[in-house]
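[1] Coordinates for the following, if possible.
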Amino acid sequence: NVYEGLVWFNRERTDQFVPALATDWTINEAGDQWVFNIRQGVKFHEGGTLEPHDVAYTTQRAMLQGRTDGPHWMTYETFFGPELSMASSKDFALAYLGKDAETTTFEDLTADELVQVCEAIKGAVVADDAAGTVTYNLYGPTPWFLALMAQTFLGGILDQEWMAEQGDWDGDCATWQNWADPQAADTLLFNVSNGTGPYKMDHWTPGEEIVLVAFEDYWQTEPMWEGAPTGPASIKRVLIKNITEWGTRLAMFEAGDADWIYVPP
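    Purely as a prediction, here's the structure:
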């Protein structure tokens, strides 16, 4: 509801996809290069405008900041092959450079080696703002690529300029190591957000509640499927409360104080 990717699932189908922040895409005959045309006129919640470089930056940043035991072993495998399906960005860097992880640490890598890793990742995802496209150069034929692109770990498109203004990586290959494999609470996006989705975060009180409000500049004007909603969300405010005691939660539901509750197994 807060972030979006280039594609989304076709309603309840997990094997069919519809355009989202991309309008369409093409695949080469070998199946290892995908070119997406990026939708124009899309606004981020904090005021920026979506451009192809934001899309490329999102995937590049994801791989360069891949956290230990996070989902990006799938991303590394997709772009660089199964032998480089590593647990974190630091592990990937060592493996890509052919280093022995038992004798070499990430901190041992030279500035030139770090730039080499970053440039390889940038070469895998290339934006062309003038053409309005982003090209993904994969390791090999990847029929499941759209399924990956519909996941939040590749589909949450970020505003590069806003991220840099907040103190995150700005896209410079000379500095990416400063953000590699961070602790969850140390990441910029741990407690702030800036997406393109129909809702934006009003506030988050850890352990208590999350409040989302409708994004009135939402771009969607054509339904993604027959009967799908368009335009700004009709429900203007969503309150997600953390009610740990089951009896209280059920009582709220029965009294009409909650519209939906989670029922534990």
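
[2] Residue 34 versus the residue sitting nearest the centre point of the chain, what's the distance?
    In the chain, the residue lying closest to the centroid (C-alpha atoms, centre = their mean) is residue 156, at 2.8 Å. Computed with C-beta to C-beta, to the nearest Å, the distance linking residue 156 and residue 34 is 18 Å. (Glycine included, C-beta is placed from N, CA and C.)

[3] Give me the secondary structure label for residue 127.
    Three-state call for residue 127 (DSSP: H, G, I helix; E, B strand; the rest coil): strand.

[4] Distance check, it against residue 195.
    From residue 127 to residue 195 the distance is 18 Å (C-beta to C-beta).

[5] With adjacent residues omitted, what lies nearest to the residue nearest to the centre of the chain?
    Residue nearest to residue 156 in three dimensions, not counting chain neighbours: residue 3, with 3.6 Å by C-beta to C-beta, 6 or more residues apart in numbering.

[6] Is the one you found in contact with residue 200, as I believe?
    No. Using C-beta atoms under 8 Å, residue 3 is not in contact with residue 200; the gap is 10.1 Å.

[7] what do the two both touch?
    Common contact partners of residue 3 and residue 200 (C-beta atoms under 8 Å, 6 or more residues apart in numbering): residue 193.

[8] the helices in the stretch 101-250 of the chain, which residues?
    For the stretch 101-250 of the chain, the helices defined by DSSP state H, counting those that start in this stretch occupy 111-124, 145-149, 152-155, 160-165, 246-255.

[9] Make a markdown table out of the ones you listed and add mean neighbour count.
    Converted to a markdown table, those look like this (neighbours: other C-beta atoms under 10 Å):
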| stretch | mean neighbour count |
| --- | --- |
| helix 111-124 | 17 |
| helix 145-149 | 19 |
| helix 152-155 | 17 |
| helix 160-165 | 18 |
| helix 246-255 | 13 |
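
[10] I'd like these written out as a markdown table, with distance to residue 45 and mean pLDDT added.
    A markdown table is the format used below for the helices of the stretch 101-250 of the chain (distance: least, C-beta to C-beta, whole Å; pLDDT from 0 to 100):
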| stretch | distance to residue 45 | mean pLDDT |
| --- | --- | --- |
| helix 111-124 | 26 | 98 |
| helix 145-149 | 21 | 96 |
| helix 152-155 | 16 | 88 |
| helix 160-165 | 9 | 98 |
| helix 246-255 | 29 | 97 |
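
[11] closest one to residue 25 among the ones you listed?
    Among these, the nearest to residue 25 by C-beta to C-beta is helix 145-149 (8.4 Å).

[12] same for that closest one, what does it pack against?
    Judged by 3 or more C-beta pairs under 8 Å, 6 or more residues apart in numbering; DSSP states H and E, the packing partners of helix 145-149 are helix 73-80.

[13] orientation of the helix it packs on relative to helix 111-124 in degrees?
    80 degrees (axes from the mean of the first three to the mean of the last three C-alpha atoms, to 10 degrees).
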